[in-house]
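Participant: sequence-free structure coming up:
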């Protein structure tokens, strides 16, 4: 479920299944409840919120029954987590920490003590929210970042609105950074009023509790739905002050986004490659087209989860859809981004403390474009997409709050204290080093074939996002679905394309830019194979070979080259040619000639691309039979007949023909492509790498 907009007319559905729940033990019930809540972005954003249960278990040392707090661990997502995502703590030990707490100035030291409360050697790191759950004297507790509730919590008169809407069933606590002290206050409120069913945290979110997992789940839904109904009934005036500009037609919005994405990426990727994301959902367009856009955007977000993902505020592009001043916007990007960086640096200087971590990347994450939509950038696609989702949550909050009151963003110093919290910094330092192709975008033609799939898998395995281009729509869809399961849906997308069509190739690269913000690696791999004596080679066969193997490579390389040149970040173009590019074979003149053209085209690209850091290299395979579409049809039968063996014996013929007496597999070609696509080959261009297990006639010279 998208967090696209507040659906006041469509309450959150109760998805609890009693029959399924009856089959679950207590920890599994907690997971079930958590996954249900996290499945709807209107309830909580990705990675946000927390759930817990206080359950009985046998002490692994004594066997005696003891109370254990199961609570979402650090960095998890309640919508997708498994049981191993929960931290487990002896409840009595956690409660005992209250006696040694030394006050707000010593908050962070308490976090290290949670590990000493770990139950059963559970390695899952504890969250800073742990005491917020542990100190509430109820068996089941939910904490979510529901848009409708945060809209109330981020209003100027949030406490009064909370009383009006909930009539005392929910308490209210003003904004405070999560930690031990806030946990103490929550616990005291819950103990002080047995009829209280939860608490609204100012600018932050919702806590609810209950005696059973089902009761707690339903209390959470009820409180969110009550806020949504109240907002719907009491909203006044037009959203965001009404519409200032009209949205452009969808095709025009996508055209403009396709121009802006690589232009922005060029300017913010000098120290770390960024991946882009574009959304023009209804909620986003309503906001970017509104009169109050600039004023509200400048206030920043309220919920700490929102601005941790989106920075303290977005960059609003000075685009006028009526005037169509895109060229002026592109020309002003350097200044606008420089101004944003300067503003961010000033914010850092104003708010930093003596022990604050060094300033992080000052570039904007969110870019709002009137008439067009929202662009977001991050180190990988999922982070860029999630940042956009978080800002949609923030839009929903601003919409609700400003419709019934005055929206209030988090104070600057408080925002800084969260963003540069030493505990957050420690979490960032524990993150694994980026993979070698992180932040890069590859496009592989013939991507649904055996070699294409192996190449794509190798690139994605090193952190790249990959666009698979193929003419076989059915195989393409199946391959994209499979890779989505293996590497995550954000890492891969597919485009149906005939590489002999200039318009189709240009459209495919445009889709790549819209999906990821640019292109860094092009692997021209789409191919066919044919055999015929020279005198029997028809013009149709000749033209077909050259259309796919020469023109197709030219069109794909040219489209990628243009994007790479405009990006100014360099790039890698890799041609999958053949042993036959260097060594002619009888009965295959059209194929051999077209493959030779590929090699020479790559050399020409190497010459022209070098001043722009664009490298072009060629991989020459030989006899890659396994998984190859080329070898599944007539070509295999023709080669078997030419060698006077059966089709099943053909692979052994090629193995024995090689100097190393080895078969060549798609993964071998993929390894060579990875070398040319990565910085391992940063000083290589115009080169040919034979991957043929050794064949003297195809030695380069």
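Facilitator: Here it is on my side, so go on. Being a predicted model, the structure only gives us computed values, none of them experimental.
Participant: pLDDT score for the closest residue to residue 662 other than its chain neighbours?
Facilitator: Residue nearest to residue 662 in three dimensions, not counting chain neighbours: residue 693, with 4.3 Å by C-beta to C-beta, 6 or more residues apart in numbering. C-beta here means a position set from N, CA and C on the backbone, and glycine is covered the same way. Residue 693 is assigned a pLDDT of 89 by the prediction.
Participant: next structured bit after the host helix or strand of residue 514?
Facilitator: In the assignment (DSSP states H and E), residue 514 maps to helix 502-516. Sequence order places strand 521-524 as the next helix or strand after helix 502-516, per DSSP H and E.
Participant: residues making contact with stretch 488-506?
Facilitator: 380-382, 385, 445, 447-448, 456, 460, 464-471, 473, 476-477, 479-480, 483-484, 507-508, 511-512, 515, 524, 526, 547-548, 551-553, 555-556, 559 (C-beta atoms under 8 Å, 6 or more residues apart in numbering).
Participant: what about it, average pLDDT?
Facilitator: The average of the pLDDT scores along stretch 488-506 is 97.
Participant: Pull out the buried positions in it.
Facilitator: Neighbour counts using 16 or more other C-beta atoms under 10 Å place 490-501, 504-505 of stretch 488-506 among the buried residues.
Participant: now swap in stretch 102-119 and tell me
Facilitator: Applying 16+ other C-beta under 10 Å to stretch 102-119 flags 107, 110, 111, 113, 114, 117, 118, 119 as buried.
Participant: May I see those arranged in a markdown table, with distance to residue 422, pLDDT and secondary structure as well?
Facilitator: Below are these laid out as a markdown table (distance: C-beta to C-beta, whole Å; pLDDT from 0 to 100; DSSP: H, G, I helix; E, B strand; the rest coil):
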| residue | distance to residue 422 | pLDDT | secondary structure |
| --- | --- | --- | --- |
| 107 | 10 | 88 | helix |
| 110 | 13 | 93 | helix |
| 111 | 10 | 91 | helix |
| 113 | 16 | 94 | helix |
| 114 | 16 | 95 | helix |
| 117 | 21 | 97 | helix |
| 118 | 22 | 97 | strand |
| 119 | 27 | 97 | coil |
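Participant: Need the residues you listed in TSV (columns: distance to residue 295).
Facilitator: Listed next are the buried residues of stretch 102-119 as TSV, based on distance: C-beta to C-beta, whole Å:
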residue	distance to residue 295
107	34
110	39
111	37
113	44
114	41
117	46
118	48
119	49
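Participant: Tell me which two in the residues you listed are the farthest apart.
Facilitator: Spanning the widest gap among the buried residues of stretch 102-119 are 107 and 119, at 23.2 Å by C-beta to C-beta.
Participant: Tell me how many other residues crowd the closest residue to residue 421 other than its chain neighbours.
Facilitator: What sits nearest to residue 421 in space, not counting adjacent residues and going by C-beta to C-beta, 6+ apart, is residue 177, at 7.7 Å. Using other C-beta atoms under 10 Å, residue 177 is surrounded by 15 other residues.
Participant: thought residue 177 was touching residue 413?
Facilitator: No: contact criterion C-beta atoms under 8 Å: residue 177 and residue 413 do not qualify, at 10.8 Å.
Participant: if I pick residue 698, what's in contact with it?
Facilitator: 579, 582, 583, 620, 622, 690, 692.
Participant: and if you look at residue 387?
Facilitator: Per C-beta under 8 Å, 6+ apart, neighbours of residue 387: 277, 309, 310, 365, 366, 376, 378.
Participant: Among those residues, which lie within strands?
Facilitator: 277, 366, 376, 378 (DSSP state E).
Participant: just checking, the first one touches residue 383?
Facilitator: No: in terms of C-beta under 8 Å, residue 277 does not count as a neighbour of residue 383; the distance is 9.1 Å.
Participant: which of those two has more neighbours?
Facilitator: Each of residue 277 and residue 383 has its neighbours counted (other C-beta under 10 Å); residue 277 has more, 24 against 18.
Participant: how much space between that one and residue 283?
Facilitator: 15 Å (C-beta to C-beta, to the nearest Å).
Participant: do residue 185 as well
Facilitator: For residue 185, the distance to residue 283 - C-beta to C-beta - is 34 Å.
Participant: Same check on residue 301?
Facilitator: Per C-beta to C-beta, residue 301 is found 15 Å from residue 283.
Participant: what about stretch 606-613, how long is it end to end?
Facilitator: Using C-alpha to C-alpha, to the nearest Å, the end-to-end distance of stretch 606-613 comes to 9 Å.
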